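**Q** Generate coordinates for the sequence data below:
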Amino acid sequence: MKKQEKTQKTKERILAAALAEFGSKSYDAASVNSICEAGQIPKGLLYHNFAGKDELYLQCVKMCYDEMTSIMKAQSLEIRDAKESLQQVLLLRQTFFQENPGYANIFFNAVLYPPRHLRQELAQLRAAFDEYVRGLYLAILDCLTLRDGITKEAALEYFFFASEMFNEYFQRKAEESGSYRELIEDHEGRLSTLFDIMFYGVAKETAPKQP
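**A** Okay, here's the model as predicted:
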């Protein structure tokens, strides 16, 4: 086996062990020692190929976003009806997380518990995924008749703002309760309602009462 191939296989083995570690624990709870023990990897070999815990974590997050984006793109969604298309997008998310629990753990920890010193790097890794999601929601907005004075760009900006507020709400709940797994289910379960409210509002328009 050539040296380059051997090095690549070594990196893949280390990353597989890191995925298992970060796929079952938070960033803070995960450790290089656990990765080495689980993967039977000499610590010196790990540090020869990776700078340490931060680089491994960021690699795992990147793999999560890349895989999630790739699978969603492969579905070739046809955006024709706003509500139906939105449900399809959310179903794709939920199916991905159900079939890839390790990636689900990595995704929600990166969103709800981002290590403070890695927030800039995490935002950069998420940029391509956010851009893909942006395209989906722009297509969904094309199916709607927006209110006077509201542009697609303004609606999209509001969508991302509301999404961040939604995530911050669940971040606070997680810190208060310490129950992370249940919050993931609650988070995903409420997304549909959140998006429905963002697109259609909370109140019906009624004619003013006659004096």
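**Q** check contacts around Arg16.
**A** That one is not Arg; residue 16 is Ala. Gly39 (Cβ atoms under 8 Å, 6 or more residues apart in numbering). All C-beta spots, glycine's among them, are computed from the backbone N, C-alpha and C.
**Q** Assign it to helix, strand or coil.
**A** Three-state assignment for Ala16 (DSSP: H, G, I helix; E, B strand; the rest coil): helix.
**Q** Distance check, it against Leu45.
**A** 14 Å (Cβ to Cβ, to the nearest Å).
**Q** Show the low-confidence segments of the protein, by residue range.
**A** Under the criterion pLDDT under 70, the flagged ranges of the chain are 1, 166, 169-190, 201-211.
**Q** which residues of it fall in helices?
**A** When assigned using DSSP state H, the helices of the chain occupy the ranges 3-22, 32-39, 43-49, 53-74, 82-99, 101-112, 119-141, 152-177, 180-200.
**Q** Identify all contacting residues around the fifth one.
**A** Which is helix 82-99. Contacts with helix 82-99, where a contact means Cβ under 8 Å, 6+ apart, come from 68, 71-72, 75, 77-79, 103-104, 107, 136, 139-141, 143-144, 184, 188, 191-192, 195-196, 199.
**Q** any idea how far the residue nearest to the spatial centre of the chain lies from Tyr47?
**A** Nearest residue to the geometric centre of the chain (Cα atoms, centre = their mean): Phe107, 4.5 Å. Distance, Phe107 to Tyr47, by Cβ to Cβ: 27 Å.
**Q** on that earlier part again, highest mean neighbour count out of the helices of the chain?
**A** With neighbours taken as mean count of other Cβ atoms under 10 Å, the helices of the chain reach their highest mean count in helix 101-112, at a mean of 21.
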